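# quick check, what structure comes out for this input:
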Amino acid sequence: MGRTQQLECILESLEQADALSGLQRASEALRDHLKVDHVAYHWVDSAGDQYGCGTYSLAWQQRYVEQNYLRIDPVVIGCFQRFHPVDWKQLDWSAKAVRAFQAEAIEYGIGNQGYSIPVRGPNGQFALLTINHTCDDDIWAAFTEEHRRELILIAHFLNEKALEFEPDRTPETAQSLSPREVDAITLLAIGYSRAQVADTLSISEHTLRVYIESARFKLGALNTTHAVARALSRGLIVV
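A predicted model of the protein is given here:
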């Protein structure tokens, strides 16, 4: 089975999950698929309740909670201030307490490299997908460059499923996309640039932007990548 098919199988299983245990299985499958040390997904729902799944050891999870490392963790602090994927090297690890936290994390099996993707949902919901590994900077840079788009899609798929498990959540009313909106989102999903999409559809980039924004609104998406993820997960487009 090819890598694309493997990922499709993982996302299909995730789509069918009806309990939090499905998110845990997905994180383990993603770790194996990506060939990294760890995958972790953590979210805070609109009521302020926290949930998590992933492959970090139970010992490290307990240690993290006991020491209240959430208050100093540069990954959490840095990603809460950002909207785009973050390589851990871009974060501030200079404080003495933070360096000690990092050293202890490595002792517990956390890799020296990390890449985290913040995701924001409705009503203040915030989530974080983290990929963690042990390797040198060049290997990690090549990995994140190769998988960046794939990881963003995975983050939004996980968040879409996590939102389903929020208590008292009001189901969303699905709206169909127009044929032109389907064409635009499909071409973006397979990797076309906006200029290429506009050229393929023989429309201006301004007109394309109107289609994309309309699709985003119908899908309740935060951005174009989120719109692609939702359209895929709902079967509105096929790539």
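
# quick check: closest non-adjacent residue to residue 183.
residue 201 (5.9 Å; CB to CB, 6 or more residues apart in numbering). In short, each C-beta sits where N, CA and C put it, glycine included.

# correct me, but the one you found touches residue 180?
Yes - Residue 201 lies in contact with residue 180 (CB atoms under 8 Å); the separation is 7.2 Å.

# ok, longest helix in the protein?
helix 137-164 (DSSP state H).

# ok, and what's touching the helix or strand just after that one?
Under the assignment DSSP states H and E, the closest C-terminal helix or strand after helix 137-164 is helix 179-189. The contact list for helix 179-189 (CB atoms under 8 Å, 6 or more residues apart in numbering) reads 177, 194, 196-197, 200-201, 208, 211-212, 214-215, 218, 224, 227-228, 231-232, 236-239.

# mind redoing it with 6 Å?
Helix 179-189 is contacted by residues 197, 201, 211-212, 215, 228, 231, 237, 239 when judged by CB atoms under 6 Å, 6 or more residues apart in numbering.

# one more: stretch 74-86?
70, 91-93, 98, 116-118, 128.

# again, only using 10 Å
Applying CB atoms under 10 Å, 6 or more residues apart in numbering, the contact partners of stretch 74-86 are 40, 42, 44, 69-71, 73, 88, 90-95, 98, 101-102, 105, 114-120, 126-132, 144, 148-149, 151-152, 155, 222-223.

# name the element residue 211 belongs to?
Per DSSP H and E, residue 211 falls inside helix 205-219.

# picking up where we left off before, now list the buried members of the contacts of stretch 74-86.
40, 42, 44, 69, 73, 88, 91, 98, 101-102, 105, 114-119, 126-132, 144, 151-152, 155, 222 (16 or more other CB atoms under 10 Å).

# about what we covered before: same question for the helix holding residue 211, mean pLDDT?
For helix 205-219, the mean per-residue pLDDT is 89.

# centre of the chain to the following helix or strand past that helix, how far?
For helix 205-219, the following helix or strand on the C-terminal side (DSSP H and E) is helix 224-233. Relative to its chain's centre, helix 224-233 lies at 12 Å (CA atoms, centre = their mean, to the nearest Å).

# on that earlier part again, and the residue nearest to residue 183, how many residues sit next to it?
By other CB atoms under 10 Å, 16 other residues sit near residue 201.

# and for residue 72?
14.

# before we move on, back to that, pull out the buried residues from the helix holding residue 211.
In helix 205-219, counting by 16+ other CB under 10 Å, buried: 208, 211-212, 214-216, 218-219.
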